[in-house]
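Colleague: Dropping a prediction and its sequence here:
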Amino acid sequence: MTEKLAEWRRVIGSDEFFYVVADNYDEHIELAIPFYRMMHDEMVRCVTGRQDGLRFLDLGAGTGKTAAVLLINVGGSTARLVELFGEMLKHARTRLAAFGNRVEYVQGDFMDVPLGDGYDICVSSLAIHHQNAAGKQRLFNRVFEALGPHGKFLMIDWTKFSSSSVQELAAQTAEQHASEHISDAQALHDWCEHWRTKNIPDTVEDLCLWLKAAGFRNAECVMRYYGMALICAEKAP
């Protein structure tokens, strides 16, 4: 675990970059990411109406933002959060304290730790884009195995375009959005630099193809704004 943490800190950046130490990570991410809140609303729309008491698996759960949205909106649901960084889980425990034993916390790399099985829903928000193509494909296989027969996987994450000119426009649009919402110049620089140099996005087409190759019957892009996308994959219609 210690070696894995050190490896990912080098890949992703310092603790301070995530603003977890300063307790304002959530504030910055909601400001920086285009349509962050709306995509969470649409994620809820994709799962509500099925039934109450759903079992969720949250990969790269961070500070528990996505889990909170689902627990609040889907009555009687339970969640298992998998997160590598202890600093993130500390904030998640605080955020989700009111849900008591409806939430299980697991510190570890979602590529390696046992995920369990039989989940109704698996979600991931802004956590998979640091995996390369092979890593994403391996993870999609793991997600498929963790879900029950009618399970659904919902992913909010960065994607890319095949066209280099459209991809550059997407990057500029994300940076413009961030510049209009983040007043802290250093924070703005850090976010944009991270997006340009640390992310490993893939096209929506490839992601959906890999999800189907993992066994999902359907894989669709539900919502997209340039590089930011919400993808839904279903084991059965």
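Modeller: In hand now; what should we look at?
Colleague: Kindly indicate whether the residue sitting furthest away from the middle of the chain is helix, strand or coil.
Modeller: Farthest-out residue of the chain from its mean C-alpha position, per C-alpha atoms, centre = their mean: residue 165, at 26.1 Å. For residue 165, the assignment made with DSSP: H, G, I helix; E, B strand; the rest coil gives helix.
Colleague: tell me which strands and helices the longest strand anywhere in the chain is in contact with?
Modeller: When the chain is parsed with DSSP state E, its longest strand is strand 147-158. Here strand 147-158 touches helix 36-47, strand 119-125, helix 133-146, strand 228-234, going by 3 or more C-beta pairs under 8 Å, 6 or more residues apart in numbering; DSSP states H and E. (Each C-beta comes from the backbone N, C-alpha and C, glycine too.)
Colleague: Looking at the longest one now, give me its mean pLDDT.
Modeller: Over the span of helix 133-146, the pLDDT mean works out to 98.
Colleague: pLDDT score assigned to the residue nearest the centre of the chain?
Modeller: For the chain, the residue sitting closest to the mean C-alpha position, by C-alpha atoms, centre = their mean, is residue 125 at 1.5 Å. At residue 125, the model reports a pLDDT of 93.
Colleague: Looks like it contacts residue 60 (just checking).
Modeller: Yes: counting by C-beta atoms under 8 Å, residue 60 is a contact partner of residue 125 at 7.3 Å.
Colleague: quick one, strands of this structure?
Modeller: With DSSP E, the ranges of strands along the chain come out as 55-59, 78-83, 103-107, 119-125, 147-158, 218-225, 228-234.
Colleague: Could you dump the ones you listed into JSON lines and include distance to residue 36?
Modeller: Below are those laid out as JSON lines (distance: least, C-beta to C-beta, whole Å):
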{"stretch": "strand 55-59", "distance to residue 36": "16"}
{"stretch": "strand 78-83", "distance to residue 36": "18"}
{"stretch": "strand 103-107", "distance to residue 36": "22"}
{"stretch": "strand 119-125", "distance to residue 36": "9"}
{"stretch": "strand 147-158", "distance to residue 36": "8"}
{"stretch": "strand 218-225", "distance to residue 36": "10"}
{"stretch": "strand 228-234", "distance to residue 36": "8"}
